[in-house]
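In: Need a 3D model of the sequence below.
(one chain, ligands or ions: 1)
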Amino acid sequence: MNILDQFKLNGKVAIVTGAGQGIGKRVALGYLQAGAKVVLAALADDNLTTTAAEFEQLFPGCSVAAPCNVTSQTSVDALVAATLEKWGRIDIAVCNAGVVSFNGLEAMPLDEFERIIKVNVSGVFLTAQACAQQMIKQGRGGSVIVTASMSATVINTPQKIGHYCASKAAAKQLAKAMAVEFAQHNIRVNSISPGYIMTELVEPLTDMHALWKPQIPMRRLGTPEELMGLYLYLACDASRYMTGSDLIIDGGFTSV
Ligand SMILES: NC(=O)c1ccc[n+]([C@@H]2O[C@H](COP(=O)([O-])OP(=O)(O)OC[C@H]3O[C@@H](n4cnc5c(N)ncnc54)[C@H](O)[C@@H]3O)[C@@H](O)[C@H]2O)c1
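Out: Below you'll find the predicted structure:
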């Protein structure tokens, strides 16, 4: 098959969590451009409706909003059921929903620690597991992509996000473990570890931008659009022999 044809997603159905804004929104857009049907899963109030309306204009009938809380098994099961009712299959699952808070570990309350772990680790587990179960039933394999972070590899400074770093390291390793277990079903599981990306999460942290730039060899933050190609690569047939990998895309941050 022609190499460019391998990047097409026609006939495939993708679930993208955290798709209301930021990275997830651009991943969903990239998949729509590549020909997939996309279920936009996110907390209802985080721009989900606006994003779904925007995509409906661009690609009528190709995406649907699915309000979902990835920390709830019931909510994730409902997400899978809604996807099957709409399009009858799941080929790609992007476990991208994630949260952060800023606080030192020395005095961090347990509930704050657990809230981050619950979304960033348990949320990935629930979404990936539910989608993989469906992919196994379908018998056609599939691709699961976890949004980890450079924070899975390094501890960022000067902000204090130790719990977030721990959660992303766990998410990265969880993806690898699932890759090993699910390979027999031709379900590939990989993670992507972005560096600082200018999203709704990062934009308001203006004081930090100036402190981060000198730490990044490329001397700038990335944009969510610059991640689209990598998410497409892992979703499509061009990466059909890749599983268990973590791909870092960080302007060189973790190289120094
Ligand atoms: N922006 C960065 O610099 C950066 C860097 C590395 C990794 N990441 C990771 O990328 C992912 C996306 O980050 P972003 O910058 O686009 O963030 P964002 O805050 O702009 O978007 C987060 C999305 O996750 C959804 N979400 C949060 N909690 C949820 C829950 N419980 N259930 C369902 N959806 C939920 C939100 O509704 C939103 O759509 C996160 O996992 C984040 O940790 C971001």
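In: C-alpha only now, for contacts and for neighbours.
Out: Will do.
In: these two touch, right, residue 201 and residue 23?
Out: No. Between residue 201 and residue 23 there is no contact under C-alpha atoms under 8 Å: 9.8 Å.
In: What are the buried residues along the one helix or strand residue 228 maps to?
Out: For residue 228, the host element (DSSP states H and E) is helix 228-235. By neighbour count on 16 or more other C-alpha atoms under 10 Å, the buried set for helix 228-235 is 228, 231-232, 234-235.
In: returning to what we had before: so for residue 201 and residue 23, which sits in the more crowded spot?
Out: residue 23 (28 against 14; other C-alpha atoms under 10 Å).
In: Spell out the secondary structure type for the more buried one.
Out: Three-state assignment for residue 23 (DSSP: H, G, I helix; E, B strand; the rest coil): helix.
In: show me what contacts it?
Out: 96, 199, 224-225, 227 (C-alpha atoms under 8 Å, 6 or more residues apart in numbering).
In: all strands of the stretch 101-250 of the chain, in order?
Out: Under the criterion DSSP state E, counting those that start in this stretch, strands of the stretch 101-250 of the chain are mapped to 142-147, 187-194, 246-249.
In: Of those, which is nearest the ligand?
Out: The ligand lies closest, by C-alpha to the nearest ligand atom, to one member of those: strand 187-194, at 4.3 Å.
In: The closest one: partners in the sheet, and parallel or antiparallel?
Out: Using DSSP bridges, strand 187-194 pairs in its sheet with strand 142-147 (parallel), strand 246-249 (parallel).
In: Save those as a markdown table, and put in mean neighbour count, distance to residue 126 and mean pLDDT too.
Out: Below are these laid out as a markdown table (neighbours: other C-alpha atoms under 10 Å; distance: least, C-alpha to C-alpha, whole Å; pLDDT from 0 to 100):
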| stretch | mean neighbour count | distance to residue 126 | mean pLDDT |
| --- | --- | --- | --- |
| strand 142-147 | 28 | 12 | 99 |
| strand 246-249 | 20 | 20 | 98 |
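In: could those strands be laid out in TSV, adding distance to residue 166?
Out: Output for these, formatted as TSV (distance: least, C-alpha to C-alpha, whole Å):
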stretch	distance to residue 166
strand 142-147	14
strand 246-249	16
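In: Indicate which one of these is closest to residue 129.
Out: Evaluated with C-alpha to C-alpha, those place strand 142-147 nearest to residue 129, the distance being 9.6 Å.
In: Buried only: go through the contacts of residue 23 for me.
Out: 96, 224-225, 227.
In: Output the set of residues of the stretch 1-150 of the chain in proximity to the ligand.
Out: 17-24, 42-43, 46, 68-71, 96-99, 119, 147-149 (C-alpha under 6 Å from any ligand atom).
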